[in-house]
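>>> how does the following fold in three dimensions:
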Amino acid sequence: MTDGWPAYRCLPNWGYYHFPCNHSVGEYRNPITGAHINTQEGLWTHVKKSVRGRSYISDALIEYMWRRRVNGTSGVNQIKTTFEAVFSSLKAVYGN
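Have a look, this model is predicted:
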């Protein structure tokens with residue numbers, strides 16, 4: 001799902017399904033497919049704010065994704081989720 005930027009028209013040629021919304025004609029939800037990009041645009045706004053001013057964009061993006069994953073819970077569950085994520089990551093890298 002994208003806005004109507006012409007550069008995205010090639011996506012189907014590369015094997016992607018493409019569901020555009022044409023904001024320039026006031027379309028914020030595709031009337032045929034129901035596709036919208038509000039979720040993606042909102043997420044991108046938060047990502048841009050979190051990486052602004054950072055020198056290593058890839059590290060900032062990894063940190064953003066980590067925080068987003070862990071902050072979905074609170075209190076004791078957040079601590080548990082954090083440790084589970086750390087152990088899962090270590091296990092993936094180093095094995096059992």
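>>> and Gly42, how far is that from Cys21?
Computed as CB to CB, to the nearest Å, the Gly42 to Cys21 distance reads 14 Å. C-betas here are computed from N, CA, C, even on glycine.
>>> so for those two, which residue has more residues nearby?
Neighbours were counted for Gly42 and for Cys21 using other CB atoms under 10 Å; Cys21 has more, 19 against 10.
>>> test my guess that that one contacts Pro31.
No: the criterion here is CB atoms under 8 Å, and Cys21 misses it with Pro31 at 9.7 Å.
>>> can you give me the helices for the protein?
38-51, 57-70, 75-94 (DSSP state H).
>>> tell me the contacts of Thr45?
Counting by CB atoms under 8 Å, 6 or more residues apart in numbering, Thr45 touches no other residue.
>>> per-residue pLDDT, it?
In the prediction, the pLDDT value recorded for Thr45 is 82.
>>> same check, this time on Ala60
82.
>>> picking that back up, which one of the helices of the chain lies nearest to Gly26?
Gly26 sits nearest to helix 38-51 of all the helices of the chain, at 14.4 Å, using CB to CB.
>>> what are the C-alpha coordinates of that closest one, in CSV please?
These are the backbone C-alpha positions of helix 38-51, laid out as CSV (Å, rounded to 0.1, in the frame of the first residue of the first chain):
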residue,chain,number,x,y,z
ASN,A,38,-2.5,6.0,7.5
THR,A,39,-0.8,3.3,9.6
GLN,A,40,2.4,3.4,7.6
GLU,A,41,2.5,7.2,7.5
GLY,A,42,2.0,7.4,11.3
LEU,A,43,4.7,4.8,11.9
TRP,A,44,7.1,6.6,9.6
THR,A,45,6.5,9.9,11.5
HIS,A,46,7.6,8.2,14.7
VAL,A,47,10.6,6.6,13.1
LYS,A,48,11.8,9.9,11.6
LYS,A,49,11.5,11.6,15.0
SER,A,50,13.5,8.8,16.7
VAL,A,51,16.4,8.9,14.2
